[in-house]
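1. No sequence on hand, only this structure:
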């Protein structure tokens, strides 16, 4: 019976959104299921392709990129969710977004089109972009207006 409950709850969670294996494990452990029951059922869900790290990572990267998060932040969040480094790199490279243009769009949305002229304003905008997960090189280029050579 407990394994059936693990499956039912797992499928309910997966019906709402994709999850990484680690996320499901943590949610099921919090509900008091045994590690062996969880592991066996998650293995079965992966064999049935109902649980997929690749599908999770693809949707996660796309969702976060569309909302304006940069590659550094997305990588850190995926690592927290137990996604492998190889899969993270693969998914970040496949993103349709041009990270440099996306950083420029995020900056313009917050601060307007004008490139900052004072050191203080450049530093403020750089901190904002860094908090959104863009690399220092991307930030430098955006704040200089050098996105064509991107």
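-> Cool, the structure landed. Keep in mind that this is a model prediction, so the values were computed, not measured. Numbering: from 1, shown residues only.

2. From here on, just use CA atoms for contacts and neighbour counts.
-> OK.

3. Checking the residue positioned nearest the centre of the chain next. Helix, strand or coil?
-> Nearest to the geometric centre of the chain sits residue 74, at 3.7 Å (Cα atoms, centre = their mean). With DSSP: H, G, I helix; E, B strand; the rest coil as the basis, residue 74 sits in helix.

4. Quick check: it touching residue 59?
-> No: the pair residue 74 and residue 59 does not pass the contact test of Cα atoms under 8 Å, sitting 11.6 Å apart.

5. which parts of stretch 141-148 are buried?
-> Buried residues in stretch 141-148, counted by 16 or more other Cα atoms under 10 Å: 141-143.

6. cool, and stretch 51-61?
-> Applying 16+ other Cα under 10 Å to stretch 51-61 flags 51-54, 56-61 as buried.

7. Can you list which of the residues you listed are found in helices?
-> Judged by DSSP state H, helices contain the following of the buried residues of stretch 51-61: 53-54, 56-61.

8. What is the nearest of those to residue 13?
-> Comparing these against residue 13 with Cα to Cα places residue 56 closest, at 12.8 Å.

9. so who does that closest one touch?
-> 18-20 (Cα atoms under 8 Å, 6 or more residues apart in numbering).

10. who's in contact with residue 8?
-> Contacts of residue 8 by Cα under 8 Å, 6+ apart: none found.

11. Sticking with it, tell me its helix or strand.
-> Assigned by DSSP states H and E, residue 8 falls within helix 2-16.

12. Show me which positions of the helix or strand following that helix end up buried.
-> As assigned by DSSP H and E, the chain's next helix or strand after helix 2-16 is helix 21-30. The neighbour-count criterion (16+ other Cα under 10 Å) identifies 21, 24-25, 28 as the buried residues of helix 21-30.
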